[in-house]
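Asker: can you look at this prediction? I've put the sequence above it.
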Amino acid sequence: MKSTFRLLLSLVLLVPMLNSCLPDDELGPDTGDPRDKFLGTWQFNESPAVRSVATSYTVTISYDPSNSSQVLLRNFANAGGMHSAYGIVTSNSISVPSQEMASGFVVSGSGNMSTLTSMSWDYSITAGGDLEYYSASATK
């Protein structure tokens, strides 16, 4: 009788702990749209791979009304507030395919969300024929 009680008590305590474990790819509540957690204004702290001059700027991420799996990144790569790149959202990352944001200003790269308020980015910028690589941390 005593061992049956211990077994039941163990199961009662163990089952809730097993159910409380979330897969690593889930950040925040499931709203039905994986883009939701990325929306808002992000502070980017960018470091070029070659030069040692770091830059800080904001990027605003919003829904892409023309595609339900995409977002628009206004001022991505510090291109100016009038310019946006599109990104494809999958789980906890955004992929920015190669695209021309402004005349002669081509970007591509990706960002990964580590918490609901932080992302890490790696991307390239081709401007005036020169290709440069960048890393950035972004916080909300």
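Answerer: Now that the structure is in, tell me what you want to look at.

Asker: quick check: bridge partners of the closest residue to Gln99 other than its chain neighbours?
Answerer: Of all residues not flanking Gln99 in the chain, Ala85 sits nearest, at 5.9 Å (C-beta to C-beta, 6 or more residues apart in numbering). Any C-beta I mention is one placed from the backbone N, CA and C, and that applies to glycine too. Going by DSSP bridges, Ala85 is paired in beta bridges with Leu73.

Asker: so Ala85 touches Asn75, yeah?
Answerer: No: the pair Ala85 and Asn75 does not pass the contact test of C-beta atoms under 8 Å, sitting 9.2 Å apart.

Asker: when the two are compared, which one has more neighbours?
Answerer: Remark: of Ala85 and Asn75, Ala85 carries more neighbours, 26 against 20, as counted by other C-beta atoms under 10 Å.

Asker: distance of the more buried one from Thr115?
Answerer: Counting by C-beta to C-beta, to the nearest Å, the separation of Ala85 from Thr115 is 23 Å.

Asker: now Asn75
Answerer: Separation of Asn75 from Thr115 (C-beta to C-beta): 22 Å.

Asker: how about Ser124?
Answerer: As judged by C-beta to C-beta, Ser124 and Thr115 stand 25 Å apart.

Asker: repeat that for Tyr63.
Answerer: Taking C-beta to C-beta, one finds Tyr63 at 22 Å from Thr115.

Asker: neighbour count for those two, which is higher?
Answerer: Between Tyr63 and Thr115, counted using other C-beta under 10 Å, the more crowded position is Tyr63 (16 against 12).

Asker: just list whatever residues bridge to that one.
Answerer: Val71.

Asker: tell me the confidence at it?
Answerer: At Tyr63, the model reports a pLDDT of 98.

Asker: do the same with Ser69
Answerer: Per-residue confidence (pLDDT) for Ser69: 95.

Asker: Val96 versus that one, what's the distance?
Answerer: Taken as C-beta to C-beta, the span from Ser69 to Val96 is 13 Å.

Asker: one more: Asn45?
Answerer: From Asn45 to Val96 the distance is 18 Å (C-beta to C-beta).

Asker: in terms of neighbours, single out the busier of these two.
Answerer: Val96 (22 against 14).
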